[in-house]
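Participant: Pasting the sequence and the predicted coordinates here, then a few questions.
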Amino acid sequence: MSASGRAPYLFFLREGVSYSLNDVMPACEVFSRAFVGEIWTYGSYEADQQVGGIRLRVVKFDEYQRRKSYLQYARIVTNRARELKQKNTENVVVISYDPFKNGLLAKRVKRLTGGVFIAEVNGVYGHTDNFADEPRMWMRRLRILAMRLVGSHVLRHADGIRLLYDTQLDDFAKAPRSAVVRRFFDLTLTDRFSPGEEQPVILLAGHPFRRKGVDLLFEAFTRVSARHPEWRLVMIGHGLPASMEAHGLKHPNVRVLAGMPQPELVSWVARCAVLALPSRSEAMGRILIEAAAAGKPRLATRVDGMPTIVEHEVDGLLFEKENVADLAAALDRLMSDDAFRRQLGVNARRRALDELTPDAYVKHYVSMVDAVLAARGSARA
């Protein structure tokens, strides 16, 4: 509830392209626990549905005419903002999933509605390793420069900024002094994940190839696999089979699968013994929370936001970035010590259910929205 006594009205611009209602319906359900408003995105289909107090709008998007389609989406969103203004909707809280094209659109919606604007920052935008799969260094630097220019402009107009870890804006942009800055995890559907019967499987789920450290995990596993012949490495992600083949990476105990629907991934997470994410750059890694909810120890790089959700030797293991020897030693330790591995998994599940649930996420968001509205009220007073 805002200082004026009126409930906030959320206007959330999520990133697309969505290919299924399952991509966005869970977010609507979670936000409807505490808010009213609307969530907008674009996708391969058209949708207009009510989920509790949240209205979901998905605008049809043509991937072969991306620029034209996004401009059409922006016009529809802008017209809706004008409607809210005409209805004198108070305490509009505009949220953008990123500080780029959605952020630019959210900035305009803020101006049209007279509301406040919260920009989410969901990536590592100031480091070249975020674009590790781009072989041309000049292109990586050009993309970072473009992101810094647009991101800095958007964040200057933000009343609130949601980060995933404290130093996320380093080498990217500065938060305005007037902005409310909060740090908490991204929405993760922990209730979909639960422990299953453990199999001797190291699991990686994600893409692209180099940024997720697929090559590092493959090399580390092959170094120790002879000592653990019953163990397998399974890697799942869009484009990973082709990338592995292109790099000539093959091993009899390594299985590579293309991206799959979440119910299939849930099954793999439930029965793996260890979840590994050796990313070169990673703002958070939602799969780390999902694996924690399934009671799995997580093996992650000590970089960016991953140490905020993996505590070394408590609910997982951390290793130094691109240090294959360190990674191989951690794998060997987890494969060799059943009791230690399973205790890490128990601790991980306890933490996920205590701290990282959708209800906990909503509480963080309620607190942030209230703080932003209170700061805006104080400024006007």
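Facilitator: Right, received. Where do you want to start?
Participant: from here on, contacts and neighbour counts on C-alpha atoms
Facilitator: OK.
Participant: Now do Arg177: how many residues are near it, please.
Facilitator: For Arg177, the neighbour count with other Cα atoms under 10 Å is 9.
Participant: ditto for Val36
Facilitator: For Val36, using other Cα under 10 Å, the count is 19.
Participant: Please name the residues that touch the closest residue in space to it that isn't next to it in sequence.
Facilitator: For Val36, ignoring the flanking residues on the chain, the nearest one in space by Cα to Cα, 6 or more residues apart in numbering is Gly53 at 4.4 Å. Counting by Cα atoms under 8 Å, 6 or more residues apart in numbering, Gly53 makes contact with Ser32, Phe35, Val36, Gly37.
Participant: In strands, which of the residues you listed fall?
Facilitator: Residues of those located in strands (DSSP state E): Val36, Gly37.
Participant: Which residue ranges of the stretch 201-350 of the chain form strands?
Facilitator: 201-205, 232-236, 254-257, 274-277, 298-301, 316-319 (DSSP state E, counting those that start in this stretch).
Participant: now for the third one, which elements pack on it?
Facilitator: Contact partners of strand 254-257 among helices and strands, from 3 or more Cα pairs under 8 Å, 6 or more residues apart in numbering; DSSP states H and E: strand 232-236, helix 240-246.
Participant: Leu62 contacts Ser69, doesn't it?
Facilitator: No Leu there; residue 62 is Asp. Yes. Look at Asp62 against Ser69 with Cα atoms under 8 Å: they come within range, at 5.9 Å.
Participant: domain parsing for this structure?
Facilitator: Per the record, the chain has its domains at 9-187+357-380, 190-355, by automatic domain parsing.
Participant: JSON lines please, covering the ones you listed and showing mean pLDDT.
Facilitator: Putting the domains of the chain into JSON lines (pLDDT from 0 to 100) gives the following:
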{"stretch": "domain 9-187+357-380", "mean pLDDT": "95"}
{"stretch": "domain 190-355", "mean pLDDT": "97"}
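Participant: now the helices for the stretch 1-150 of the chain?
Facilitator: Taking DSSP state H, counting those that start in this stretch as the criterion, the stretch 1-150 of the chain contains helices spanning 25-31, 66-86, 101-113, 137-156.
Participant: which stretch among those comes nearest Tyr42?
Facilitator: Closest of these to Tyr42 is helix 66-86, at 7.1 Å (criterion: Cα to Cα).
Participant: got the buried residues for that closest one?
Facilitator: Ser69, Tyr70, Tyr73, Ala74, Val77, Thr78, Ala81, Leu84, Lys85 (16 or more other Cα atoms under 10 Å).
Participant: Would you mind giving these as TSV with distance to Val254 added?
Facilitator: Output for the buried residues of helix 66-86, formatted as TSV (distance: Cα to Cα, whole Å):
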residue	distance to Val254
Ser69	41
Tyr70	40
Tyr73	43
Ala74	45
Val77	46
Thr78	49
Ala81	51
Leu84	54
Lys85	57
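Participant: Arg286: which of those is nearest?
Facilitator: Using Cα to Cα, those come closest to Arg286 at Tyr70, 26.6 Å.
Participant: I'd like the distance between the closest one and Lys101.
Facilitator: To Lys101, Tyr70 is 9 Å away according to Cα to Cα, to the nearest Å.
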